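Student: Okay, structure incoming, though there's no sequence with it:
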């Protein structure tokens, strides 16, 4: 079974630029999550999709971050404009909806904002 | 008060010893608890989950849950250098949608 795929793996941009990340979840997984992990901290949930719909975006900075999940499969997370404090690893995870709701993480995208 | 608290470490143990990692959470209604391992530069991977008070064993790993004390722990028996990583405690708060709230993690170093 293929895992969660993410791209790019690394990105370096200057502040005020825009950037987009892509995620392809495990096949058949209805739930998709985007997390932000700042160095030395645990992952923080930014947004959670159930199929096409958003079920939690309470911690998404909506003035600069946006996300979509078209057709209930792939998802993109965009930052526009980026700030220095957005430097972090952006992790995508998916889960199947089984009882344990195990979340499987992708390799992450490491973003550096200069 | 942070929702999920862990000692950042590092916790240093000799090879073959038992490593004990602890986590406390603030929402008394939380029902599900997870331990993830994260190697440096890698993404988190699930070690085990626990729902009921008491112990749950899986190989060298034992998770312990005490809901009255709002305390979760992970024991690693016969620690190996390959166990050196950051261990993240995650809690599923009450309500819908199965979100997880992560602690900052405890860094474990197992030395030969």
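Tutor: On my side now, so go ahead. No experiment lies behind these values; they were computed from the predicted model shown.

Student: need the residues of chain A near chain B, please.
Tutor: A:31, A:33, A:40-45, A:48, A:50, A:55-56, A:91, A:95, A:100-108 (C-beta under 8 Å from any C-beta of the partner chain). Bear in mind the C-beta positions are built from the backbone N, C-alpha and C, glycine included.

Student: Now intersect these with the strands, please.
Tutor: Under the assignment DSSP state E, these contribute A:31, A:33, A:44, A:45, A:48, A:50, A:55, A:56, A:91, A:95, A:104, A:105 to strands.

Student: can you tell me the residue of chain A closest to chain B?
Tutor: Using C-beta to the nearest C-beta, the single residue of chain A nearest to chain B is residue A:42, 3.3 Å away.

Student: excluding its backbone neighbours, what's nearest that residue?
Tutor: residue B:102 (3.3 Å; C-beta to C-beta, 6 or more residues apart in numbering or on different chains).

Student: burial measure for that neighbour, as a count.
Tutor: By the criterion of other C-beta atoms under 10 Å in any protein chain shown, residue B:102 has 23 neighbours.

Student: can you pull the pLDDT of residue B:8?
Tutor: Looking at residue B:8, its pLDDT is 87.

Student: repeat for residue A:1
Tutor: Reported pLDDT for residue A:1: 63.

Student: My guess is the residue of chain A closest to chain B contacts residue B:105. True?
Tutor: Yes. In terms of C-beta atoms under 8 Å, residue A:42 counts as a neighbour of residue B:105; the distance is 5.6 Å.

Student: Just want to know which of these two has more residues nearby.
Tutor: Neighbour totals were compared for residue A:42 and residue B:105, and residue B:105 leads with 27 against 23 (other C-beta under 10 Å).

Student: Relative to residue A:114, how far out is that one?
Tutor: Applying C-beta to C-beta, to the nearest Å, the value for residue B:105 to residue A:114 is 26 Å.

Student: Give me the ChimeraX select line for the ones in strands among the residues of chain A next to chain B, limited to the buried ones.
Tutor: Buried residues within those, by 16 or more other C-beta atoms under 10 Å in any protein chain shown, are selected in ChimeraX with:
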select /A:31,33,45,48,50,56,91,95,104,105
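
Student: Quick one: mean pLDDT over stretch B:74-93.
Tutor: Stretch B:74-93 comes out at a mean pLDDT of 96.
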